[in-house]
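Engineer: Here you go, sequence then predicted model.
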Amino acid sequence: MAGIYIHIPFCHQKCNYCDFYKTLNTSRKAEFLAALKKEALERVSYLNGAPVESVYLGGGTPSVLNEEEIGSLLDFIRKCFTVLSHAEITLEANPDDLNPGYLRSLNDLGINRLSIGIQSFNDFYLKKMNRRHNGQQAVASIENALAAGFSNLSTDLIYGFPGLTLQQWEKTLKTMFSYPITHLSAYHLTYHEGTPFYSWLRKGKIRELDENESIAQYYLLLDESSKAGFEAYEISNFARQQMYALHNSAYWTGKPYLGLGPSAHSFNGIKRRWNIASVTSYNRAVVNKMPYWEEEELTDNEKYNEYILTRLRTCWGVSTDNLENRFGEKYSAMFKEQAIKYLTTGKIRENSGVYTLTRQGLFISDDILAGFMII
Ligand code: SF4
């Protein structure tokens with residue numbers, strides 16, 4: 001089984017926290033969509049004919065594309081690859097794009113999962129983030145999506161940003177869980193270099209949220225999601241009734257995936273490849289048959305690091321049997337040795353050879369994961 005990721009690099013507005021590759025200039029959209037199809041055609045053999053169980057249109061903002069553009073792109077992908085009839089087809093969308101007519105069309109086109117960038121229901125915070133939508137539009141997008149028949153609905157939220165109180169975060173979570181969504185991705189604000197939030201922090205215009213407050217917000221997220229019947233199956237991802245994101249789960253469980261479009265990453269189990277992060281250079285290079293990517297073959301140590309980084313973030317954890325089968329006894333023994341300090345401090349638990357993060361370990365997962373890396 002394999003997945004396909006398609007990066008749509010256009011946005012109508014840049015959010016103050018975002019470091020994904022995107023551009024506000026949509027004038028090259030048609031040229032880009034032609035280049036994208038050309039790339040897909042050139043790379044039909046990348047997945048070795050593996051059946052495709054997920055197609056993910058991410059960005060950027062895929063909902064800047066109209067119905068015809070999305071339909072034509074999906075038709076092309078279906079012609080090039082063996083996309084299973086029950087494949088998960090996700091479209092990332094901004095709330096203000098999701099009007100009833102557009103949603104009906106997406107449904108007709110076979111999009112069966114939406115990932116809506118809600119981030120907050122609060123107008124003040126949405127303005128701070130420079131989101132284009134307001135709280136009312138956030139609510140309307142969920143209601144419209146449900147009315148249009150989308151039963152597999154994922155939403156994104158951000159917490160841990162300056163000024164967000166625990167009470168306000170609780171209100172956001174309660175509003176979110178009052179809807180029958182199936183999946184939630186909730187991320188603590190990260191100050192990515194090059195973003196306005198990063199520069200404001202450096203200049204002392206804003207202050208990071210106190211760490212205890214950040215931890216309290218994360219624990220509240222764990223508690224409220226659990227009360228609402230969600231399973232924390234990954235550090236930042238929560239699913240109801242095992243409606244895990246098939247696409248993201250493929251990344252976390254080491255399945256191959258093909259990434260199309262500028263800045264998209266691909267992995268075939270041996271090599272990692274990433275496309276150039278510029279729509280202009282991408283379009284030109286694809287058309288002129290010039291290289292538009294870099295790639296590297298992973299060493300055994302890098303494959304091991306990758307495995308630990310992705311698996312330990314999930315509820316499926318790291319199985320030492322699996323580790324031994326994939327990497328040999330040496331790596332498995334090293335992992336067990338390194339895990340001791342986290343087991344004794346209660347950050348990791350072990351059950352029949354499977355190691356997972358505890359509630360205490362989840363919030364400091366980055367430090368724990370760094371502790372396992374072979375440098
Ligand atoms: S968060 Fe989404 S909408 Fe905002 S700038 Fe980034 S890619 Fe665009």
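Structural biologist: Looks like it arrived, so ask away.

Engineer: When you work out contacts or count neighbours from here on, use the C-alpha atoms and nothing else.
Structural biologist: Fine.

Engineer: Surely residue 263 is in a strand?
Structural biologist: No: applying DSSP: H, G, I helix; E, B strand; the rest coil, one finds residue 263 to be coil, outside a strand.

Engineer: residues contacting the nearest residue to it once chain neighbours are set aside?
Structural biologist: The shortest distance from residue 263 to any non-neighbouring residue, by CA to CA, 6 or more residues apart in numbering, is to residue 277 (4.2 Å). When contacts are counted by CA atoms under 8 Å, 6 or more residues apart in numbering, residue 277 touches 21, 262-264.

Engineer: swap the cut-off to 7 Å and go again
Structural biologist: By CA atoms under 7 Å, 6 or more residues apart in numbering, the contact set of residue 277 is 21, 262-263.

Engineer: Most neighbours among those residues, which one is it?
Structural biologist: Highest neighbour count within the contacts of residue 277: residue 262, with 27 neighbours (other CA atoms under 10 Å).

Engineer: can I assume that residue is in contact with residue 281?
Structural biologist: No: applying CA atoms under 7 Å, one finds residue 262 not in contact with residue 281, separated by 8.7 Å.

Engineer: Tell me which stretches of the stretch 101-250 of the chain form strands.
Structural biologist: Here the stretch 101-250 of the chain has its strands, by DSSP state E, counting those that start in this stretch, at 113-119, 153-159, 183-188, 230-234, 237-240.

Engineer: same deal with the stretch 251-375 of the chain?
Structural biologist: Using DSSP E, counting those that start in this stretch, strands in the stretch 251-375 of the chain cover 257-260, 265-267, 271-275, 293-297, 318-319, 348-351, 354-357.

Engineer: elements contacting the fourth one?
Structural biologist: To tie it back to what came earlier, the one meant is strand 293-297. Packing partners of strand 293-297 (3 or more CA pairs under 7 Å, 6 or more residues apart in numbering; DSSP states H and E): strand 271-275.

Engineer: Now do the strand it packs on and strand 293-297, the angle between them.
Structural biologist: Orientation check (axes from the mean of the first three to the mean of the last three CA atoms, to 10 degrees): strand 271-275 against strand 293-297 gives 170 degrees.

Engineer: Partner strands of strand 271-275, with direction?
Structural biologist: strand 265-267 (antiparallel), strand 293-297 (antiparallel) (DSSP bridges).

Engineer: Excluding chain neighbours, what is closest to the residue in the stretch 51-200 of the chain positioned nearest to the ligand?
Structural biologist: Per CA to the nearest ligand atom, residue 60 is where the stretch 51-200 of the chain lies closest to the ligand, at 3.6 Å. Leaving out its chain neighbours, the residue that sits closest to residue 60 by CA to CA, 6+ apart is residue 9, at 4.4 Å.

Engineer: What residue spans form the domains of this structure?
Structural biologist: 2-251, 299-375 (automatic domain parsing).

Engineer: Determine which stretch of those domains is the most buried.
Structural biologist: Of all the domains of the chain, domain 2-251 carries the top mean neighbour count, a mean of 18, counting by mean count of other CA atoms under 10 Å.

Engineer: And stretch 124-134, end to end?
Structural biologist: 9 Å (CA to CA, to the nearest Å).

Engineer: can you redo the strands of the stretch 251-375 of the chain as CSV with mean pLDDT and distance to residue 17?
Structural biologist: Converted to CSV, the strands of the stretch 251-375 of the chain look like this (pLDDT from 0 to 100; distance: least, CA to CA, whole Å):
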stretch, mean pLDDT, distance to residue 17
strand 257-260, 97, 23
strand 265-267, 95, 21
strand 271-275, 95, 22
strand 293-297, 96, 26
strand 318-319, 96, 32
strand 348-351, 97, 31
strand 354-357, 97, 27
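
Engineer: what are the C-alpha coordinates of the longest strand along the chain, in CSV please?
Structural biologist: Taking DSSP state E as the criterion, the chain has its longest strand at strand 83-93. C-alpha atoms of strand 83-93 as CSV (Å, rounded to 0.1, in the frame of the first residue of the first chain):
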residue,chain,number,x,y,z
VAL,A,83,-5.9,4.3,-6.7
LEU,A,84,-8.1,1.9,-4.7
SER,A,85,-11.9,2.5,-5.0
HIS,A,86,-12.2,3.0,-1.2
ALA,A,87,-9.0,5.1,-1.0
GLU,A,88,-9.0,8.0,1.5
ILE,A,89,-9.0,11.2,-0.6
THR,A,90,-8.3,14.2,1.6
LEU,A,91,-8.5,17.9,0.7
GLU,A,92,-7.1,20.5,3.1
ALA,A,93,-9.4,23.5,3.0
